[in-house]
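J.: this one's structure only:
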């Protein structure tokens, strides 16, 4: 009987030990599972962070490309506008330069009329004066202005010397006669003035 009781107690102790071992094993399994889930979650977070960084970099690259494209488009627009403006200026310059020939002829006609008293005061002469004035107004409206030359110091940048003569009492080279007036288009030289230049007399030889 005692042996049976002893065996029963031993059997009960074994069952308790096995139960404790099973509980401990289950606890370890749960802990391992939690650790595994936590590591997996951390990996997912890191992956998401990496993906966010990649998307941010792509967005930054796209923004830079967009800004570059906008700047390039603006440069093209400005370049095209400048080329168009320059083309118009060149065309206007050529036209205005051609009209100066007519201006020269009108001024020669006026000078010729000044020497003939029979012409001055006639309707013909008044008509020439009127057309000449209209030419001058047209040129001024388009930015053309006359270069003052007569009596001015000779400047090879705006004067074209047809000839040079010695003039008493001159201490430097000056324009003494204007054959064809010079003009500027705004601040740009349109045509040089064709002039006769007076120069100081040569020093007498000893």
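T.: Good, I have the coordinates. Just so it is clear, the structure is predicted and the values come from calculations on it, not from any experiment.

J.: Tell me where this protein has strands.
T.: Remark: strands assigned in the chain by DSSP state E are 144-147, 159-166, 174-180, 182-185, 188-191, 193-199.

J.: among the ones you listed, which is nearest residue 114?
T.: Closest to residue 114 of those is strand 174-180 (CB to CB; 15.2 Å). The way it works is simple: take the backbone N, C-alpha and C, and place the C-beta from them, glycine included.

J.: ok, back up a step: now tabulate the strands of the chain in TSV and tack on mean neighbour count and mean pLDDT.
T.: Shown next, in TSV, are the strands of the chain (neighbours: other CB atoms under 10 Å; pLDDT from 0 to 100):
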stretch	mean neighbour count	mean pLDDT
strand 144-147	17	92
strand 159-166	13	92
strand 174-180	17	92
strand 182-185	18	92
strand 188-191	15	91
strand 193-199	20	93
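
J.: Save these as TSV, and put in distance to residue 76 too.
T.: Formatted as TSV, the strands of the chain follow (distance: least, CB to CB, whole Å):
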stretch	distance to residue 76
strand 144-147	32
strand 159-166	41
strand 174-180	43
strand 182-185	28
strand 188-191	26
strand 193-199	41
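
J.: which one of those lies closest to residue 51?
T.: strand 188-191 (61.1 Å).

J.: Alright, calling it a day.
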